[in-house]
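J.: sequence and computational prediction follow.
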Amino acid sequence: MVKSAPPPTTANRKPSKVEGLKENSNFLREPVATQILEDTTHFSEDAVQILKFHGSYQQDNRDNRVKGQEKDYQFMLRTKNPGGLVPPQLYLALDKLADDYGNHTLRATTRQGFQLHGILKKNLKAAIATIVNNLGSTLGACGDLNRNVMAPPAPFKNNPEYQYAWEYAQNIADLLSPQTGAYYEIWLDGEKAISAEESPEVKAARQRNGNGTIFHNTEEPIYGTHYMPRKFKVSVTVPGDNSIDLYSQDLTLVVITDEQGNLEGFNIFAGGGLGRTHNKEETFARLADAIGYVAKEDVYDAVKAIIATQRDYGDRTDRRHARLKYLIHDWGVDKFRAQVEEYLGKPLAPFKQLPEFKYHDFLGWHEQGDGKLFLGISIDNGRVKDEGSLQLKTAFREIVEQFNLPIRLTPNQNLIFYEIEPADKPAIQQILDRCGVVSDPSTIDSLVRYAMACPALPTCGLAITESERAIPGILERIRAVLDKVGLQNEHFVVRMTGCPNGCARPYMAELGFVGSAPESYQVWLGGSPHQTRLAQPYVDRLHHNDLESFLEPIFVYFKKSRTSGESFGDFCDRVGFDAIREFADKYKPEAEEAIVEPTVKNRKSAHRISVQDDVYDKLKQTAASQGKPMSALVNEALKIYLQME
């Protein structure tokens, strides 16, 4: 086995344990190849680290823990779908796998892939083989290498910029895909499945030396024996389109065309990243910097040069300090650019001027520019399931089966069907209506429409508290507070995660909740509605029972002091946290009235009873501690006092 040069050490410290596991894995083979053959429910801790490169996390369903018994081991599989592309054949295979081996749901991720949850170790090989044999892959969806390459999901066929974004997202994904044979040896017994042919330009670029960007005579010419110090996230977008949260990526390329729509080159952003650790100030969320511009003929070499810079100089001793954002923060942009240019062999050109970036979700029915249609459908927190009157999983399966439509997953955990013949629109709409699926985004509560949450409990091993299961109730309560203070039509970007790793990108939200303790969250305020500005931490720990009393003064201040048309995030950023805290400290709710309402449909008015301030304060405190509306407590107390049943 030919090994690449060992990773550099930092301040004479030893590389982390994971670096040794990668070095001794024989290019991601062991100990996974041995342990997958063992009749056990789980892998060893060492094998779990290598298993991630194959697209799977070993998890434990904490809801099913029983003291004294083995953990409820199961596996999450994540697909790799450059630009969010899911061919119809692959979608149907995933839908069936969710029922055969998983928990009967699919989950669209914030990086435009799918996750399957609940797979047992004994079924892992069959599940991965099925995905690969149906035009999919999980290779590199996790682990210390390039993750899924994102791109705007909108299929605008009359806008060449969007087509270039798709093309280069796929090509860069191919360029940076692991070359080891381990994946196919372990999961398909050495048989490589038929897949789309790689671009000749990509093949040539992978082998081109470029001043030390590759290792010779090794299975991994770009990554070498040790792969990357940590995960590396790439996106490709078009000027003005921030549907992919470009500032949160390690590397973003922005398509630049001439007036005729011909591709000229790419602007380069680098150094974004959101993962952090509570109470460790040396870890932080960071926005990507503008680095420069590269002509289209040099783009693959520029990508390799950036990868090589992080590969060779990223911190391999402390995994909390291993992302590219820390290298650029420590070095500065100029030193980073100089090293990239050394690997590239030529200087980068100056950054091209760009229009303001805005967020788009592409929901609803649209023309795609060639006579056909596309349809964006909102999926609450990305969870595709059948539950009650909403038969989302059934609807998607029927549409794909009947109309053989390709899918693009969106960075906001939604889904787009495209290449729809106009004549098929009524039949598709009929399926959606029958299954209770909303196709008109104007009928979705705007707080829900723009919100995101990570899976968190019970399966994510990093989760401190709830996220996906908590956010529907949290959004309802936020809406109730907005209604109470007279902001009925207001909305903003809300994102929630169960831990500080930030998978749902809460640090870019206008209102972000980051799990900090059981049932408690760190709250971030002041992000941009278009995800172009980083939010900031406002409080370190807010128990969910205190949500209303926490938000009410902030929303009242927003209502009283906002400028015309100003968004909530922009307001918080403009006035600053000191002013918000000062207002909140002095805020006293106006004397409110407890409302006792008869249960009568279509009532014209409610009956109101005034209570004294001290009674109101105690009522409010008790209602919050019990998680009940104040009106419910009033009803209960009066029934007891009046001896009513």
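T.: Nice, thanks for sending it over.

J.: residue contacts, residue 177?
T.: 139, 140, 146 (CB atoms under 8 Å, 6 or more residues apart in numbering). The way it works is simple: take the backbone N, C-alpha and C, and place the C-beta from them, glycine included.

J.: any chance of the residues you listed in JSON lines, with neighbour count and pLDDT too?
T.: Formatted as JSON lines, those follow (neighbours: other CB atoms under 10 Å; pLDDT from 0 to 100):
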{"residue": "139", "neighbour count": "24", "pLDDT": "98"}
{"residue": "140", "neighbour count": "26", "pLDDT": "97"}
{"residue": "146", "neighbour count": "26", "pLDDT": "98"}
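
J.: got TSV for the residues you listed, with secondary structure and distance to residue 359 too?
T.: As requested, the contacts of residue 177 are arranged in TSV below (DSSP: H, G, I helix; E, B strand; the rest coil; distance: CB to CB, whole Å):
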residue	secondary structure	distance to residue 359
139	coil	30
140	coil	27
146	strand	24
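
J.: if we take the residues you listed, which one ends up nearest to residue 191?
T.: Residue 191 lies nearest to residue 139 out of these, by CB to CB, at 14.5 Å.

J.: quick one: the contacts of residue 177 as TSV, columns for distance to residue 278 too.
T.: TSV is the format used below for the contacts of residue 177 (distance: CB to CB, whole Å):
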residue	distance to residue 278
139	32
140	29
146	28
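
J.: out of these, who's nearest residue 585?
T.: The nearest member of the contacts of residue 177 to residue 585, counting by CB to CB, is residue 146 at 47.3 Å.

J.: tell me the contacts of the residue nearest to the closest one when sequence neighbours are not counted?
T.: Closest residue in space to residue 146, ignoring its immediate chain neighbours: residue 176 at 3.8 Å, by CB to CB, 6 or more residues apart in numbering. Shown in contact with residue 176 (CB under 8 Å, 6+ apart): 140, 145, 146, 149, 222, 232, 234, 303, 307.

J.: which one (most neighbours) among those?
T.: residue 149 (30 neighbours; other CB atoms under 10 Å).

J.: give me every residue that touches that residue.
T.: 82, 83, 169, 170, 172, 173, 176, 234, 235, 236.

J.: how about a cut-off of 7 Å?
T.: 82, 169, 172, 173, 234, 235, 236 (CB atoms under 7 Å, 6 or more residues apart in numbering).

J.: of these, which belong to strands?
T.: Judged by DSSP state E, strands contain the following of these: 234, 235, 236.

J.: now, which of the residues you listed sits nearest residue 296?
T.: The nearest one, if we look at these relative to residue 296 and count by CB to CB, is residue 236, at 12.2 Å.

J.: bridged to the closest one, which residues?
T.: Using DSSP bridges, the bridge partners assigned to residue 236 are residue 253.

J.: test my guess that residue 448 contacts residue 476.
T.: No: contact criterion CB atoms under 7 Å: residue 448 and residue 476 do not qualify, at 9.1 Å.

J.: who has more neighbours, the two?
T.: When neighbours are counted by other CB under 10 Å, residue 448 and residue 476 differ, and residue 448 comes out ahead with 17 against 12.

J.: that one and residue 470: what is the separation?
T.: 14 Å (CB to CB, to the nearest Å).

J.: and for residue 394?
T.: Applying CB to CB, the value for residue 394 to residue 470 is 26 Å.

J.: element containing residue 560, please.
T.: Assigned by DSSP states H and E, residue 560 falls within helix 547-561.

J.: report the buried residues of stretch 183-199.
T.: The neighbour-count check on stretch 183-199 (16 or more other CB atoms under 10 Å) flags 183, 184, 186, 187, 199 as buried.

J.: list the contacts for the last one?
T.: With contacts defined as CB under 7 Å, 6+ apart, residue 199 is in contact with 171, 174.

J.: next: the fourth one.
T.: With contacts defined as CB under 7 Å, 6+ apart, the neighbours of residue 187 are 125, 128, 129, 132.

J.: format those residues as TSV; extra columns: neighbour count, pLDDT and secondary structure.
T.: Shown next, in TSV, are those (neighbours: other CB atoms under 10 Å; pLDDT from 0 to 100; DSSP: H, G, I helix; E, B strand; the rest coil):
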residue	neighbour count	pLDDT	secondary structure
125	15	98	helix
128	26	98	helix
129	17	98	helix
132	23	97	helix
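
J.: how about residue 300, nearest residue that isn't a chain neighbour?
T.: That would be residue 205: by CB to CB, 6+ apart, it lies 3.6 Å from residue 300.

J.: please apply the same query to residue 261.
T.: Nearest residue to residue 261, sequence neighbours excluded (CB to CB, 6+ apart): residue 160, at 4.2 Å.

J.: count of neighbours near the one you found?
T.: Neighbours of residue 160 under the rule other CB under 10 Å: 17.

J.: report the separation between it and residue 166.
T.: Residue 160 is 11 Å from residue 166, by CB to CB.

J.: ok, residue 184 to residue 477 distance?
T.: 49 Å.

J.: that should have said residue 262, apologies.
T.: 51 Å.

J.: which of these two has more neighbours?
T.: Shown here are residue 262 and residue 477; by other CB under 10 Å, residue 477 has more neighbours (15 against 10).

J.: mind checking pLDDT for residue 195?
T.: Listed pLDDT for residue 195 reads 70.

J.: over to residue 210?
T.: pLDDT for residue 210: 74.

J.: contacts only, for the closest residue in space to it that isn't next to it in sequence.
T.: Among residues not flanking residue 210 along the chain, residue 301 sits closest, at 5.2 Å (CB to CB, 6+ apart). Applying CB under 7 Å, 6+ apart to residue 301 gives the contacts 205, 208, 210, 344.

J.: surely the residue nearest to residue 261 is in contact with residue 256?
T.: No: the pair residue 160 / residue 256 is not scored as a contact, 11.7 Å apart, by CB under 7 Å.

J.: before we move on, back to that, okay, and the residue nearest to residue 300 sits in which element?
T.: Counting by DSSP H and E, residue 205 is part of helix 200-207.

J.: how about that helix: buried residues?
T.: Neighbour counts using 16+ other CB under 10 Å place 202, 205, 206 of helix 200-207 among the buried residues.

J.: just stretch 212-230 next, same as before
T.: Using 16+ other CB under 10 Å as the test for burial, stretch 212-230 gives 213-215, 218-230.

J.: and residue 124, what element?
T.: Taking DSSP H and E as the definition, residue 124 sits inside helix 121-132.

J.: now do the SS call for the residue nearest the centre of the chain.
T.: In the chain, the residue lying closest to the centroid (CA atoms, centre = their mean) is residue 110, at 2.6 Å. Classification of residue 110 using DSSP: H, G, I helix; E, B strand; the rest coil returns coil.

J.: give me the nearest residue to residue 150, chain neighbours excluded.
T.: residue 235 (3.9 Å).

J.: and the gap between the one you found and residue 172?
T.: 9 Å.

J.: who's more crowded, these two?
T.: More crowded of residue 235 and residue 172, by other CB under 10 Å: residue 235, with 31 against 24.

J.: and the more buried one, what does it touch?
T.: 149, 150, 151, 244, 246, 249, 252.

J.: hmm, 10 Å instead?
T.: Applying CB atoms under 10 Å, 6 or more residues apart in numbering, we find residue 235 in contact with 83, 111-112, 148-152, 165, 169, 172, 242-246, 248-254, 269, 272, 288, 411.
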